[in-house]
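Student: Kindly return the folded structure for what I paste below:
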Amino acid sequence: MAHHRVLVAADDLLARKGLAALLSEAARFNIVGLSAGGESLAEDVVIFDPHAILYDFGWDPVAVAVNNAEHLDQDVPVVALIPDEDQALDVVTGGLTATGVYGLLLRDSDPELLASAIESVIAGLIVIDPLLAEVIIPSTTSSQESLAEALTPRENEVLQLLARGLTNKAIARRLDITDHTVKFHVTAIMSKLAAQSRTDAVVRATRLGLIIL
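Tutor: Got it, this is the predicted structure:
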């Protein structure tokens, strides 16, 4: 059985150790390190080379998301934990300006759900707790809204791959274009959808019926 390399991150030491102990019970995971997040996160990713990061955003998830935005590597998917649904929309639309968060779960999620979410983001999927999705998707945009400007055929291709959780590098390889071109298209997509992050863009596009399932 393949062992996924997981880096556990949290501002709080007890939270880091608790999550690490929880995941270590699953034989399919190898907890390669613990990170306090912030400025040390980028360095820890280089040192530990994880397949995914499990990050407890604590009791002030918007602030943690904003403070870590520049340190999250879009090529390493993150499963973020938040305390409740009240701040879910703010985290998605205001906090996750980084591109690496592909999973959003509640802090009290059971171990098997955490494990499944980590495996899913490693496989290239976006995972949102159903309770959080109920808050995020209806509130993000009205069903009566439409795009101010239609997506181009290429932007639509990029959007579909974005919805599957592919990184810019993976999208570039799939479409045989450069990373720079992918970034250009992602920026255009986010602008047309008035989205603040990749996750927000996918949520808005789903609400508008633009994602092909």
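Student: Show the model's pLDDT score for Gln160.
Tutor: In this prediction, Gln160 carries a pLDDT score of 86.
Student: What distance do you get for it to Ala150?
Tutor: In this structure, Gln160 and Ala150 are separated by 15 Å, where distance is defined by CB to CB, to the nearest Å. In short, each C-beta sits where N, CA and C put it, glycine included.
Student: Low-confidence stretches in the chain?
Tutor: 1-2, 26-27, 63, 66, 68-71, 73-74, 90, 93-100, 134-148, 212-213 (pLDDT under 70).
Student: Quick one: the strands in it, in order.
Tutor: With strands called from DSSP state E, the chain shows them at 4-10, 29-35, 52-56, 78-82, 101-106, 127-128.
Student: Looking at Gln160 and Ala150, which is more packed in?
Tutor: Gln160 (16 against 11; other CB atoms under 10 Å).
Student: Apart from its neighbours in sequence, what residue is nearest Val91?
Tutor: Pro61 (5.1 Å; CB to CB, 6 or more residues apart in numbering).
Student: Likewise for Leu19?
Tutor: Spatial nearest neighbour of Leu19, excluding adjacent residues (CB to CB, 6+ apart): Val8 at 4.9 Å.
Student: and the one you found, how many neighbours does it have?
Tutor: Val8 is flanked by 26 other residues according to other CB under 10 Å.
Student: isn't it right up against Leu22?
Tutor: No: taking CB atoms under 8 Å as the definition, Val8 is not a contact partner of Leu22, at 9.2 Å.
Student: tell me the domain boundaries of the chain?
Tutor: Domain segmentation of the chain under automatic domain parsing yields 4-139, 143-207.
Student: Centre of the chain to the shortest one, how far?
Tutor: Right, domain 143-207. Between the centre of domain 143-207 and the centre of its host chain there is 14 Å, according to CA atoms, centre = their mean, to the nearest Å.
Student: residues making contact with the top helix by length along the chain?
Tutor: When the chain is scanned for its longest helix (criterion: DSSP state H), the result is helix 179-193. Taking CB atoms under 8 Å, 6 or more residues apart in numbering as the criterion, the residues outside helix 179-193 that touch it are 99, 147-152, 154-155, 158-159, 162, 168-169, 171-172, 175, 195-198, 200-201, 204-205, 208.
Student: go again using 7 Å as the cut-off
Tutor: Counting by CB atoms under 7 Å, 6 or more residues apart in numbering, helix 179-193 makes contact with 147-149, 151, 154-155, 158-159, 162, 168-169, 171-172, 198, 201, 204-205, all of which sit outside it.
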